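Enquirer: Got a sequence here, can you model it:
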Amino acid sequence: MARQRIRDTAWGFAVVVAAVAVLSGCSGNEAPSSNASKAASAAESLASQASSAVASLASEASGTLASATAEAHRRLEEIKGGVDAKSDVKLGGSTGTDADGRKTVPITVTNSTSQSRTYAVQVDFRDAGGNLLDTVVVTVDNVAAGASKDATARSNRKLTGDVTTSVARAVRY
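Expert: Next comes the predicted model:
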């Protein structure tokens, strides 16, 4: 969705540049059709450059997401003797945005066992269409038996627009 907006903006910019070039070229010595052709060529070049930039940004975002997903999977898989504890974890009502533009959501872990435990919680960040934007693993150490402890999940990168969060996995160990 963001890629489409960038692409549309780039095309709009290219059209404006082409129009300015045509209008400003009418007073020159060259024929208007020559100026229009040059402006169209310049607009096509700008659109091509913008499209390449969009593709590059999309590739970078995709690579960042793949890396974050792989890291989350690795961190949870290396926990030995852990048990599923998704029901012990609750996320705060809405996401916030920190000073760096990264989305945040409060986490509350309630230890339902009779011993102090540590939790690893995977939080997914999704756009309004349900597309995965980012994922993080938050470790909440030493949650006392029968007690609750708060933490904050923070996206790995800046996220814009409406972002929802969910607990993908939680492991107690």
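Enquirer: How is the protein partitioned into domains?
Expert: The chain breaks down into these domains under automatic domain parsing: 2-76, 82-172.
Enquirer: Mean pLDDT lowest where, among those domains?
Expert: Least confidently modelled of those is domain 2-76, at a mean of 52 by mean pLDDT.
Enquirer: now the helices for the chain?
Expert: Taking DSSP state H as the criterion, the chain carries its helices at 2-25, 32-77.
Enquirer: List the buried residues in stretch 115-129.
Expert: Buried residues in stretch 115-129, counted by 16 or more other CB atoms under 10 Å: R117, T118, Y119, A120, V121, Q122, V123, D124, F125, R126, D127. Every C-beta, even on glycine, is put in place using the N, C-alpha and C of the backbone.
Enquirer: contacting residues around the closest residue to the last one other than its chain neighbours?
Expert: Excluding its sequence neighbours, the residue lying closest to D127 (CB to CB, 6 or more residues apart in numbering) is L133, at 5.6 Å. For L133, the set of contacting residues under the criterion of CB atoms under 8 Å, 6 or more residues apart in numbering consists of L65, F125, R126, D127, S155, L159, V163.
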